[in-house]
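Enquirer: quick one: sequence plus predicted model below, questions after.
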Amino acid sequence: MRIGVLAIQGDYGKHRQMLESLGQEAPLVRTERELKECDGLIVPGGESTTLTILLQKHGLWDPLHAFGRRKAIFGTCAGLILLSREVRDHKLASLNLIDLEVERNAYGRQIDSFIDRVRLDLRGTPGSMEGVFIRAPRIIACGMEVTPLGWHHEEVVAAENEHIMVSTFHPELTESTLLHRHFLTKVSRFLHD
Amino acid sequence: MQTIENMRVKIGLAEMLKGGVIMDVTTAEQAKIAEEAGAVAVMALERIPADIRAHGGVARMSDPTVIKSIQTAVSIPVMAKCRIGHFAEAQVLEALGVDFIDESEVLTPADEEFHVDKWKFKVPFVCGCRNLGEALRRIAEGAAMIRTKGEAGSGNIVEAVRHMRAVQGGIRRLQGLGDEELVTEAKNLGAPVELVREVKKLGKLPVPNFSAGGVATPADASLMMQLGAETVFVGSGIFKSSDPVKRARAIVSATTHYLDFDLIARESEGLGEAMPGLEISSIPENERMAGRGW
């Protein structure tokens, strides 16, 4: 199984470290050819405007969209923004691969960034982990076919649909591998498609 | 415990900026150009380094009006500079809600002995360095990101290369030392031994290491990334060139695809005039910025 990490911009190195700590091969993906060789993909945290501009400029936008219809993608923070249906007050396009409405920088500026516990329910397996929220987005509305996976207080901060998994926080900046392991299971479901 | 958690949140933002370009801007219009070109953050300044150099006199923190107008114009992180050791300027910048403070040698130092105690702040700091010892002293003071000093406003990459090589060389040297040699090495570096041990173990700095000072072309950005920079600051290089929009986009692409030389060749075509640039030896010793701080 090859899980690529989109290495256009952001903390892709941290996702790669986490996948490798799980014994998983994690090639960096910068081109369409590299994407084609992957069974699953992580879109890391970074700046969503930068990621969008570069993906469109270098011909990765449509291949990424097609990839997300057939295989599994996990997006954290900026990755979530890219994958969502709608981004409030934002002029750039999103990939519309998961039925979420999100708001960028919803908690404020960097001085409002924080670490707090996140409650998880990974399809019947309850748990909790540390959530690192860096200039984080908020999920404002979830579509019918979206299943919540994690909550901060009463707010949904992690979710999934058939192919796409997202979190508003950064599991790659913690010691907890719970969400990454959940993603590995998800990727394996589409291996023979 | 609170301090450690704060530090993780601070370094977290630096992690998100990796693989990107941070651009110096002086107006809301320039900030928008930078954001639309794909900058990961902007540095809000009253004057870019080349103009600070030309203007002379004491260079201070920017007017809050400039910073606020840039904060309103863009959604990417906004950074601002305070003078070395000027903790009150830093307190003001924190109150303005800037996302990162650069305690910068580009401004005239306010304290010739001590830097700001950066642990006391909730906002993260980036500091310049010329070698490993200087990088570790700044990290010991609470910096969440390190950048090479380069020679700001010169349009000349030579000093940034020198400083990046010095840091990387210092790290490689530690890998070859025995544990019993580390206390003496710490003494020679002028850095805390705990950090020296950590760098030996990690094989890199414990915080992200960016490059600044003298980047003017897409190839300059690729050079610094290949030498080990994790992100590139571009100061005067964009808005002192003849076609800032095109050059900004080209430098952003070259930073992401820093090993794709066909792409960098295409991006480098027809960019117009780069900023004029200065030979370092032509800058009088007392006007060189990299030597400020210790």
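Expert: Cool, got the structure.

Enquirer: and the residue in chain A sticking out farthest from the centre, its phi and psi?
Expert: Most distant from the centre of chain A: residue A:111, at 23.2 Å, with distances by CA atoms, centre = their mean. Dihedral pair for residue A:111: phi -60, psi -10, per degrees, to the nearest 10.

Enquirer: spatially nearest residue to it, not counting backbone neighbours?
Expert: residue B:122 (4.9 Å; CB to CB, 6 or more residues apart in numbering or on different chains). From N, CA and C alone the C-beta is placed, and that goes for glycine too.

Enquirer: for residue A:107, same thing?
Expert: Among residues not flanking residue A:107 along the chain, residue A:136 sits closest, at 5.6 Å (CB to CB, 6+ apart).

Enquirer: swap in residue B:220?
Expert: Of all residues not flanking residue B:220 in the chain, residue B:157 sits nearest, at 4.9 Å (CB to CB, 6+ apart).

Enquirer: for the one you found, what are its contacts?
Expert: By CB atoms under 8 Å, 6 or more residues apart in numbering or on different chains, the contact set of residue B:157 is B:150, B:214, B:215, B:216, B:220, B:223, B:224.

Enquirer: out of those residues, who has the most neighbours?
Expert: With neighbours taken as other CB atoms under 10 Å in any protein chain shown, the top of these is residue B:214, carrying 32 neighbours.

Enquirer: now do that residue, the pLDDT please.
Expert: We have a pLDDT of 87 for residue B:214.

Enquirer: could you do residue B:134 as well?
Expert: pLDDT recorded at residue B:134 is 97.

Enquirer: what do you get for the one 10 residues further on?
Expert: Residue B:144 carries a pLDDT score of 97 in this model.

Enquirer: do the same with residue A:123
Expert: pLDDT for residue A:123: 85.

Enquirer: which bits of chain A sit near chain B?
Expert: By CB under 8 Å from any CB of the partner chain, the residues of chain A that approach chain B are A:7-14, A:30, A:45-47, A:49-50, A:53-54, A:57-58, A:77-78, A:90, A:104-105, A:108-111, A:113-115, A:132, A:134-135, A:170, A:173.

Enquirer: can I get the CA coordinates of stretch A:133-145 in PDB?
Expert: Taking Å, rounded to 0.1, in the frame of the first residue of the first chain, the C-alpha atoms of stretch A:133-145 are listed here in PDB:
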ATOM      1  CA  PHE A 133      -5.500  23.800  16.400                       C
ATOM      2  CA  ILE A 134      -3.400  26.300  14.400                       C
ATOM      3  CA  ARG A 135      -5.400  29.200  12.900                       C
ATOM      4  CA  ALA A 136      -7.900  26.500  12.400                       C
ATOM      5  CA  PRO A 137     -11.100  26.400  10.300                       C
ATOM      6  CA  ARG A 138     -14.500  25.500  11.700                       C
ATOM      7  CA  ILE A 139     -17.000  23.100  10.200                       C
ATOM      8  CA  ILE A 140     -20.300  25.100  10.000                       C
ATOM      9  CA  ALA A 141     -22.500  22.600   8.400                       C
ATOM     10  CA  CYS A 142     -22.300  18.800   7.700                       C
ATOM     11  CA  GLY A 143     -24.200  17.100   4.800                       C
ATOM     12  CA  MET A 144     -26.400  14.000   5.300                       C
ATOM     13  CA  GLU A 145     -23.800  11.500   4.100                       C
END
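
Enquirer: so for it, what gets flagged as buried?
Expert: Going by neighbour count (16 or more other CB atoms under 10 Å in any protein chain shown), the buried part of stretch A:133-145 is A:133, A:134, A:135, A:136, A:137, A:138, A:139, A:140, A:142.

Enquirer: and the second one, backbone torsions?
Expert: Spelled out, it's residue A:134. Phi and psi for residue A:134, reported as degrees, to the nearest 10, are phi -110, psi 110.

Enquirer: same thing with the fifth one?
Expert: The phi and psi values for residue A:137, taken as degrees, to the nearest 10, are phi -80, psi 170.

Enquirer: so how far is chain A from the closest residue to residue B:130 other than its chain neighbours?
Expert: Nearest non-adjacent residue to residue B:130, counting by CB to CB, 6+ apart: residue B:163, 4.7 Å away. Counting by CB to the nearest CB, to the nearest Å, the gap from residue B:163 to chain A is 22 Å.

Enquirer: tell me the centre residue of chain A?
Expert: Central residue of chain A (CA atoms, centre = their mean): residue A:75, 1.0 Å from the mean position.

Enquirer: ok, which stretches of chain B are helices?
Expert: Using DSSP state H, the helices of chain B run over residues B:2-16, B:28-37, B:49-55, B:64-73, B:87-95, B:132-140, B:158-175, B:182-189, B:193-202, B:218-226, B:236-239, B:244-256, B:261-268.

Enquirer: next: chain A.
Expert: Using DSSP H, the helices of chain A run over A:12-21, A:32-36, A:48-57, A:61-70, A:78-83, A:178-189.
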